[in-house]
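Engineer: mind looking at a prediction? Sequence and model below.
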Amino acid sequence: IVLGMTSYLYLTVSFVQMLKASTPVMIVIFLRLFQIEFPTHEILLSVMLISTGVVMSSYGEINFSIIGVSVMLCGQVAEALRLVFTQKLLKNLKFSVLESLCFITPAASMWVFLVALVVEFPKMDIATLKLVRENFHWFIIGGFLAIGVNIINSVVIKFTSSLMMKLLATARNASLVIFNVIFMAEAVMAVQFCGYTISLGGFLLYNYFRQKKN
C-alpha cells in the first residue's frame with residue numbers, strides 16, 4: 001500500500017497502470033515458484049493477453065522517473081507475494097478467512113506504522129492533530145471499509161485464486177470503460193478501446209481455460 005501510493009508522487013496515472021499490468025504475471029511466476037499452483041500454458045497466455053491490453057489502454061503521457069518506477073515495481077512484487085501467500089494460507093493450509101486476517105493484518109499495520117513514523121510523524125503539528133480530530137468519524141468509516149475490502153478479497157481468493165482476484169479488477173475496469181463508450185458516448189482513443197477489448201477478451205479466455213483445466 002505504502003509503495004503503491006508513493007509511486008503516484010513520481011509517475012503519471014497512465015504509467016502506473018502500465019506497470020500494474022505486470023502484477024498478474026508476477027502472481028503466475030510466484031505461484032509456480034512456491035509450488036502453490038501450476039497454471040497451464042493456456043492460462044499464462046491469457047494473462048499475458050490481459051496485461052498487454054492494460055498497457056495499450058494506458059497509452060498516453062509517460063513521465064519516467066527511476067525512483068517512481070523502482071518504488072512501483074517493489075510495490076507490485078510485495079502485492080503479488082501478499083496475494084500468493086494469502087492463497088497458501090486459505091487454500092493449501094485450510095485457514096478460515098478470519099484466521100488468515102489475524103496473521104496478515106498485524107504485519108501490514110506494523111509496516112504502515114513504521115513508514116508513517118519516519119515520513120509522516122515529523123511533519124505533524126497541532127493543526128494536523130486538529131484536522132484529524134475534526135474528521136475522526138471519516139477515519140473510522142475508512143478503517144471499517146478497509147476491513148470489509150480485505151475480507152471480501154480473502155473470500156474471493158479462498159473460493160477462486162489470487163490470480164482470479166487480481167484479474168477480476170482488470171476485467172471490471174475494462175467492462176466499465178467499454179460500457180461507457182458504447183452507451184454513454186464517452187470519448188477514448190482507438191488504441192485505448194482496443195486495449196480494453198483485448199483485456200476483456202483475455203479475461204474470458206482465462207475463465208474458459210480455467211474451467212477446462214478443472
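Structural biologist: Great, that's in hand.

Engineer: near Val149, how many other residues are there?
Structural biologist: Neighbour count of Val149, defined by other C-beta atoms under 10 Å: 10. For the C-beta atoms, the positions are set from N, CA and C on the backbone; glycine is no exception.

Engineer: apologies, that question was intended for Leu9.
Structural biologist: 10.

Engineer: now it, what's its secondary structure?
Structural biologist: coil (DSSP: H, G, I helix; E, B strand; the rest coil).

Engineer: tell me the pLDDT of the nearest residue to it once chain neighbours are set aside.
Structural biologist: Nearest residue to Leu9, sequence neighbours excluded (C-beta to C-beta, 6 or more residues apart in numbering): Gly68, at 7.3 Å. pLDDT, Gly68: 83.

Engineer: now do the one 3 residues further on
Structural biologist: Model confidence at Val71, given as pLDDT, is 87.

Engineer: which element is it on?
Structural biologist: In this assignment (DSSP states H and E), Val71 forms part of helix 66-87.

Engineer: please compute how far that helix lies from its chain's middle.
Structural biologist: On the basis of C-alpha atoms, centre = their mean, to the nearest Å, helix 66-87 sits 9 Å off its chain's mean C-alpha point.

Engineer: next, the angle helix 66-87 makes with the helix or strand just after it.
Structural biologist: Later in the chain than helix 66-87, the nearest helix or strand by DSSP H and E is helix 97-119. Interaxial angle, helix 97-119 versus helix 66-87 (axes from the mean of the first three to the mean of the last three C-alpha atoms, to 10 degrees): 160 degrees.

Engineer: so what touches the next helix or strand after helix 97-119?
Structural biologist: Next along the chain after helix 97-119, taking DSSP H and E as the criterion, comes helix 126-134. Contacts of helix 126-134 from elsewhere in the structure, counted by C-beta atoms under 8 Å, 6 or more residues apart in numbering, are Phe139.
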